[in-house]
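In: Here is a sequence with its predicted model. Questions after.
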Amino acid sequence: MKTIAFNLKKKFVSKYLHKDFDFKNNKSTNINILLNRVKLSQKNEKKKKIYFSAAVSSCLILFGILIFQ
């Protein structure tokens, strides 16, 4: 029973004990790609705001026309 518990403990602990760190494989990111992604998301947000404001204003105009006629 002790060997089974020892093996399980060894497996769990081995996940957190990495002796060979590989610092040579650093991930790099391209700033231009990130900036383009931000610009696209800003454009999409502006479009959504314009569509929402147009929908709200048209609803208000229709409501006003129905009420005051």
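Out: Sure, I can see it. In this text, all values refer to a predicted model and were calculated from it rather than measured experimentally.
In: what about the helices in the protein?
Out: 2-14, 31-68 (DSSP state H).
In: Using a markdown table, please lay out those helices together with mean neighbour count and mean pLDDT.
Out: All C-beta atoms are positioned from the backbone trio N, CA, C, and that covers glycine. Shown next, in a markdown table, are the helices of the chain (neighbours: other C-beta atoms under 10 Å; pLDDT from 0 to 100):
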| stretch | mean neighbour count | mean pLDDT |
| --- | --- | --- |
| helix 2-14 | 9 | 72 |
| helix 31-68 | 10 | 95 |
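In: who's sitting farthest from the centroid in this protein?
Out: When distances to the mean C-alpha position of the chain are computed (C-alpha atoms, centre = their mean), the maximum falls on Gln69, with 48.4 Å.
In: wait, what's in contact with that residue?
Out: Contact analysis of Gln69 by C-beta atoms under 8 Å, 6 or more residues apart in numbering lists nothing.
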